[in-house]
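Undergrad: Sequence and predicted structure are below.
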Amino acid sequence: MYANGSLTALTSDCAYRSELPVFLRNNNYIVFSRVKTSGENSVWIMDSDGKNKRPLARWK
């Protein structure tokens, strides 16, 4: 999902499912969680244009 209204998967890795995307700071950033099928979880942030995707936190 991007601020320009287009919709896309946040991850293409089938070992993950993305959940709860939220736009921040005037729709400039997207924060979302990933739940790995093995039980590992993480929170990510990326620019609303899909660039600069990076993890904020990870845990099991």
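TA: Cool, got the structure. Treat the numbers as computed from the prediction; the structure is a model and nothing was measured.

Undergrad: secondary structure element for residue 20?
TA: strand 16-24 (DSSP states H and E).

Undergrad: and the helix or strand following that strand, what does it pack onto?
TA: Going down the chain from strand 16-24, the next helix or strand is strand 29-36, by DSSP H and E. Counting contacts by 3 or more CB pairs under 8 Å, 6 or more residues apart in numbering; DSSP states H and E, strand 29-36 packs against strand 16-24, strand 41-47. Any C-beta I mention is one placed from the backbone N, CA and C, and that applies to glycine too.

Undergrad: Buried deepest among the ones you listed, which one?
TA: Mean neighbour counts were compared across these using mean count of other CB atoms under 10 Å; the top stretch is strand 41-47, at a mean of 15.

Undergrad: which stretches of this structure have low pLDDT?
TA: Scanning the chain for pLDDT under 70 picks out 1-12, 18-19.

Undergrad: how much space between the residue positioned nearest the centre of the chain and residue 24?
TA: Computing the C-alpha centroid of the chain and ranking residues by CA atoms, centre = their mean puts residue 32 first, at 3.7 Å. Per CB to CB, to the nearest Å, residue 32 is found 11 Å from residue 24.

Undergrad: Also residue 59?
TA: 21 Å.

Undergrad: for residue 55, same thing?
TA: 16 Å.

Undergrad: repeat for residue 53
TA: 14 Å.

Undergrad: list the helices and strands the strand or helix carrying residue 55 packs on?
TA: Residue 55 is part of strand 54-59, with elements assigned from DSSP H and E. Contacts defined by 3+ CB pairs under 8 Å, 6+ apart place strand 54-59 against strand 41-47.

Undergrad: helices and strands around the strand it packs on, which ones?
TA: strand 29-36, strand 54-59.

Undergrad: what about 10 Å?
TA: Contacts defined by 3 or more CB pairs under 10 Å, 6 or more residues apart in numbering; DSSP states H and E place strand 41-47 against strand 16-24, strand 29-36, strand 54-59.

Undergrad: Mind putting those strands into JSON lines with distance to residue 44?
TA: As requested, the helices and strands packed on strand 41-47 are exported to JSON lines (distance: least, CB to CB, whole Å):
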{"stretch": "strand 16-24", "distance to residue 44": "8"}
{"stretch": "strand 29-36", "distance to residue 44": "6"}
{"stretch": "strand 54-59", "distance to residue 44": "5"}
